[in-house]
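**Q** need a structure here:
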Amino acid sequence: MDLSQEYEKKKIEIENRLLDFKKIKNNDIFYELCFCLLTPQSSGFRADYCINELKKNDFLYKNFNPKPILRKKIRFHNNKTKYLLEAKNNFKKIKNKIETTKNIRELQIWLLKNVKGLGLKEVNHLLRNIGYENLAILDRHILKNLKDHNVINTIPRSLTPKLYLEIEQKFKDFSKKVKIPMDHLDLLFWSQETGKVFK
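**A** This is a model prediction of the structure:
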C-alpha cells in the first residue's frame, strides 16, 4: 500500500488525535512535558504507562519521588527522575511562558535553554502534543521512514541542531510534495512502525 492509500485509511483517526492535542491545557501540559522528558531512548508506550501512574498519584501536587515508577520502564531513570522533579518545581514559570509566547521559535529556544532534559526533538514533541503545528519530531521511527522514502540518504547517529533543522526542512518539503500535512505524516509514519496512531 502506498503512502496516500495508507493516509486515506487512517486520516480520520489522525485528525482526531491532532484535535485531542489542541484541547490539552492546564495540568495536562505538565504531564505532556513529563512524557517528553521520559521518551528519549525509551519507548513512548512505556513512558505513557509511567505518566498514567504519575497522574494516578497526583505527582504535580503531591510530594513524592517518581523514581520507583520509572525504574522498571525507563532507561536512565536516575537522570530522568531529576528532570521530572526540576520540571515540577519550575512548572508555573514554564506554563506561563508557553501561554504567553506568541512566537514559536522564541518558545522553542526558551524551552531548550530552561528545561533540563529537553533537546530539539523533545521540545517539538511537547509543542506538537499541546496543539502546535508543522514541527518535526525526528525520532528513530520518523528518520527510518524518511530514509525509506529517500528524503535522507542515511540515518544520522546523532543530530546536531544544524542537522536537525536541515532534516526538518527536507521533511517539510516532502510533506508538500506528497500533499500530506507534516503533523499528519508524523503520526502516519509512527503508526506504520508501531501499529498505533499514538503521540
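**Q** which residues sit in contact with the residue nearest in space to the middle of the chain?
**A** With distances taken as Cα atoms, centre = their mean, His125 lies nearest the centre of the chain, 2.2 Å away. His125 makes contact with 36, 39, 137, 139 under the criterion Cβ atoms under 8 Å, 6 or more residues apart in numbering. The way it works is simple: take the backbone N, C-alpha and C, and place the C-beta from them, glycine included.
**Q** could you give the mean pLDDT of the lengthiest helix in the chain?
**A** In terms of residue count, the longest helix belonging to the chain (DSSP state H) is helix 3-22. For helix 3-22, the mean pLDDT works out to 94.
**Q** What residues of that helix count as buried?
**A** 3, 7, 10, 14, 17-18, 21 (16 or more other Cβ atoms under 10 Å).
**Q** so the residue lying closest to Leu38 once chain neighbours are set aside is in which element?
**A** Excluding the flanking residues, the one nearest Leu38 by Cβ to Cβ, 6 or more residues apart in numbering is Ala47, at 3.9 Å. Take DSSP states H and E as the rule and Ala47 turns out to sit in helix 44-56.
**Q** Next, find the distance separating the residue nearest to the centre of the chain from Phe76.
**A** 17 Å (Cβ to Cβ, to the nearest Å).
**Q** Tell me who's in contact with the residue nearest to Asn27 when sequence neighbours are not counted.
**A** Closest residue in space to Asn27, ignoring its immediate chain neighbours: Leu60 at 5.7 Å, by Cβ to Cβ, 6+ apart. When contacts are counted by Cβ under 8 Å, 6+ apart, Leu60 touches 27, 30-31, 88, 91.
**Q** can you check Ser4 too?
**A** Taking Cβ under 8 Å, 6+ apart, we find Ser4 in contact with 178-180.
**Q** From those residues, list just the buried residues.
**A** By 16+ other Cβ under 10 Å, these give Ile180 as buried.
**Q** so which of the contacts of Ser4 comes closest to Asn65?
**A** Nearest to Asn65 among these is Ile180, at 42.9 Å by Cβ to Cβ.
**Q** close enough to count as contact, that closest one and Tyr7?
**A** Yes - if you go by Cβ atoms under 8 Å, Ile180 and Tyr7 touch, sitting 5.4 Å apart.
**Q** and for those two, which residues touch both?
**A** Leu188.
**Q** Mind pulling up the pLDDT for the residue nearest to the centre of the chain?
**A** 96.
**Q** sorry, back to before: list the ones among the contacts of Ser4 that fall in helices.
**A** Val178.
**Q** got CSV for the contacts of Ser4, with distance to Leu146 too?
**A** Output for these, formatted as CSV (distance: Cβ to Cβ, whole Å):
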residue, distance to Leu146
Val178, 12
Lys179, 17
Ile180, 13
